[in-house]
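A.B. asks: Any chance you could fold what I've pasted below:
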Amino acid sequence: MRQARLTDRTRIDKATMVGLLNELEEQGLIERRASPNDKRAFDIYLTRKGDEQVRQVEEVSQDAEDQFYKNLSREQKILLTPAKND
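C.D. replies: From the prediction side, this is the model:
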């Protein structure tokens, strides 16, 4: 994803986003590459390590969600489940 688009989608200001991306890059979780179409822009790519980290976070998140909903009725789950924005 282009760095500017990521900033827009997350509503994080540019300076903060640069700091976050610097940290993620230092940890080996992302790579910045010059955009082939616009040399002034950078595209952000997850590294293999970053992808593994995302999978681990998704698993923990799913486990927490399962625990939260496990004793609720179907109707209660529907009421508490946020609508997905496509």
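
A.B. asks: Show me the domain layout of the chain.
C.D. replies: Dividing the chain into domains by automatic domain parsing, as the record does, gives the ranges 1-46, 48-86.

A.B. asks: any residues touching the host helix or strand of V54, and which ones?
C.D. replies: Taking DSSP states H and E as the criterion, V54 maps to helix 48-69. With CB atoms under 8 Å, 6 or more residues apart in numbering as the contact definition, helix 48-69 has outside contacts at L24, Q27, G28, L29, I30, L46, K77, L80. In short, each C-beta sits where N, CA and C put it, glycine included.

A.B. asks: Drop anything exposed from those residues.
C.D. replies: L24, L29, I30 (16 or more other CB atoms under 10 Å).

A.B. asks: Find the nearest non-adjacent residue to the second one, please.
C.D. replies: Of all residues not flanking L29 in the chain, G50 sits nearest, at 3.6 Å (CB to CB, 6 or more residues apart in numbering).

A.B. asks: before we move on, what about the first one?
C.D. replies: Once flanking residues are discounted, L24 sits nearest to I30: 4.5 Å by CB to CB, 6+ apart.

A.B. asks: Do I have it right that the one you found meets T47?
C.D. replies: Yes: I30 is in contact with T47 according to CB atoms under 8 Å; the separation is 6.3 Å.

A.B. asks: Look up how far A15 lies from I44.
C.D. replies: I44 sits 16 Å away from A15, going by CB to CB, to the nearest Å.

A.B. asks: So these two - more neighbours on which side?
C.D. replies: Using other CB atoms under 10 Å as the criterion, I44 and A15 rank with I44 on top: 18 against 9.

A.B. asks: How about the contacts made by the more buried one?
C.D. replies: Under the criterion of CB under 8 Å, 6+ apart, the contact list for I44 reads M1, R2, Q3, L6, L21, I30, E31, R32.
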